[in-house]
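*Asks:* I'd like to go over a predicted model; first the sequence, then the structure.
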Amino acid sequence: MITENLSTLKIHKLTQAQYDRELANGTIDETALYLTSDEAVPNIIVTIDTSWTEDTINGGYTKTVAVAGMLATDTPFVDVVLGDNIEANVTALKAWNLVTRITTAENSITLYANGDAPTTAFDIQLKVVR
């Protein structure tokens, strides 16, 4: 059971190479928690426009969007980007709610809508953790 005061917990987020370098140099803080990843990937914001392709075989619609650096093996966290305008947010949320699935490929993502395709453009944010 952890009984430490979490308000004083120090957390360091490093790439694995940075952690290995600090470990080799003897500069690891033994009172801190280290989170490592192989690669730091920035948040990506993508605009989803209203030109969707009808899937006449499976039904619904698809939309493929270029996303530089995306890998087929990535499984990003995705959400709609909202702003300060309530009406615009409601419209974006209605469009976003039509998206039923997203898949990744090399340098792109594909969105799927199983019913109607969104008729309003909206932005999504992708966070990739590798």
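*Replies:* Happy to help now that I have it. Remember, predicted model here, so these are calculated numbers, not experimental data.
*Asks:* State whether residue 112 and residue 59 are indeed in contact, as I suppose.
*Replies:* No: Residue 112 is beyond contact range of residue 59, at 10.2 Å (criterion: CB atoms under 8 Å). Where C-beta positions appear, they are placed from N, C-alpha and C, glycine not excepted.
*Asks:* The two - which one has more neighbours?
*Replies:* Remark: of residue 112 and residue 59, residue 112 carries more neighbours, 18 against 9, as counted by other CB atoms under 10 Å.
*Asks:* and that one, what does it touch?
*Replies:* Contact analysis of residue 112 by CB atoms under 8 Å, 6 or more residues apart in numbering lists 60-62, 99-103.
*Asks:* rerun at 6 Å
*Replies:* Shown in contact with residue 112 (CB atoms under 6 Å, 6 or more residues apart in numbering): 62, 100-101.
*Asks:* And the buried ones among those, selectable in ChimeraX?
*Replies:* Buried residues within the contacts of residue 112, by 16 or more other CB atoms under 10 Å, are selected in ChimeraX with:
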select :62
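*Asks:* And residue 23, its phi and psi?
*Replies:* phi -60, psi -40 (degrees, to the nearest 10).
*Asks:* distance of it from residue 30?
*Replies:* Residue 23 is 11 Å from residue 30, where distance means CB to CB, to the nearest Å.
*Asks:* which of these two has more neighbours?
*Replies:* Taking neighbours as other CB under 10 Å, residue 23 and residue 30 compare with residue 23 leading, 11 against 4.
*Asks:* buried set for stretch 102-112?
*Replies:* In stretch 102-112, counting by 16+ other CB under 10 Å, buried: 102, 104, 109, 111-112.
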